[in-house]
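Asks: sharing a sequence plus its predicted fold:
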Amino acid sequence: MPRVSVISILGLLRQLLFCAMTGFPSVVYIPCVIYRLLHSVRFTWCAQSAYQRVRQATEPEPERPVRDEPEPVTTDRNRDGPEPVIPEKIVYSRPGPDRKPGNSNWVHAVEWSGQKGFEAAPSVSFTVDGEEKGVQKKYGPLMFLKVHDAGHMVPMDQPNEALEMLQRWSHGNL
């Protein structure tokens, strides 16, 4: 591994602080730079045990497996009955394609007064600029939206569709 002097590390920190204080757009890359620095450089003045602790603390967490069964919904109303409190509007976006339809199973299994109506509601196209970009299902305040060709980060994979979804939802047109 390459050796890095304390001066070059201080220079990098000064540059990162300057970017953070001025709002320079590269501030977005600071976590990535720090991660790469910590994982590609072994500091000459750092003990091996301290280096290992820092490396373990900054390792990305492994992805958790998808569950097919929904977790129980707990609300204050559970004392009187199982119906959760549904806010005025909910949009649940699911990326597609997934190996398992866990998110869809979870949304369909939520017990509430409109559950049967939601299950019976038809799935319709979610169109952007006249093209189908997903499938949506809506009943009452609950909507389930699946965006085509998007991973778990819909805004990164399909930015136009994500923006359109948020604009329609915030204007009450979704």
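Replies: That came through fine.
Asks: restricting to C-alpha, output stretch 150-166 in CSV.
Replies: Extracted in CSV, the C-alpha atoms of stretch 150-166 (Å, rounded to 0.1, in the frame of the first residue of the first chain):
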residue,chain,number,x,y,z
ALA,A,150,-35.0,1.0,-11.6
GLY,A,151,-33.0,-0.4,-8.8
HIS,A,152,-33.3,0.5,-5.1
MET,A,153,-32.3,4.1,-5.9
VAL,A,154,-35.1,5.1,-8.3
PRO,A,155,-33.9,8.8,-8.4
MET,A,156,-30.4,7.6,-9.5
ASP,A,157,-31.6,5.0,-12.0
GLN,A,158,-34.6,6.8,-13.4
PRO,A,159,-34.4,10.5,-12.5
ASN,A,160,-37.1,11.8,-14.8
GLU,A,161,-39.6,9.3,-13.6
ALA,A,162,-38.7,10.0,-9.9
LEU,A,163,-39.1,13.7,-10.4
GLU,A,164,-42.4,13.3,-12.2
MET,A,165,-43.7,11.0,-9.4
LEU,A,166,-42.7,13.5,-6.7
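Asks: in its sheet, what does the helix or strand hosting residue 145 sit against?
Replies: Assigned by DSSP states H and E, residue 145 falls within strand 142-147. Paired strands of strand 142-147, with direction, are strand 90-95 (parallel), strand 131-139 (antiparallel) (DSSP bridges).
Asks: which of those strands comes out lowest on mean pLDDT?
Replies: The minimum mean pLDDT among those belongs to strand 90-95 (a mean of 52).
Asks: next, residue 107: secondary structure please.
Replies: helix (DSSP: H, G, I helix; E, B strand; the rest coil).
Asks: can you list the domain ranges for this structure.
Replies: 6-58, 77-170 (automatic domain parsing).
Asks: lowest average confidence across those, which one?
Replies: domain 6-58 - the lowest mean pLDDT of the domains of the chain, at a mean of 55.
Asks: what about residue 109, neighbour count?
Replies: 15 (other C-beta atoms under 10 Å). Just so you know, the C-beta spots here come from the backbone N, C-alpha and C atoms, and that holds for glycine as well.
Asks: in which helix or strand does the residue nearest to residue 174 when sequence neighbours are not counted reside?
Replies: Nearest residue to residue 174 in three dimensions, chain neighbours excluded: residue 168, at 3.9 Å (C-beta to C-beta, 6 or more residues apart in numbering). Using DSSP H and E, residue 168 sits in helix 159-170.
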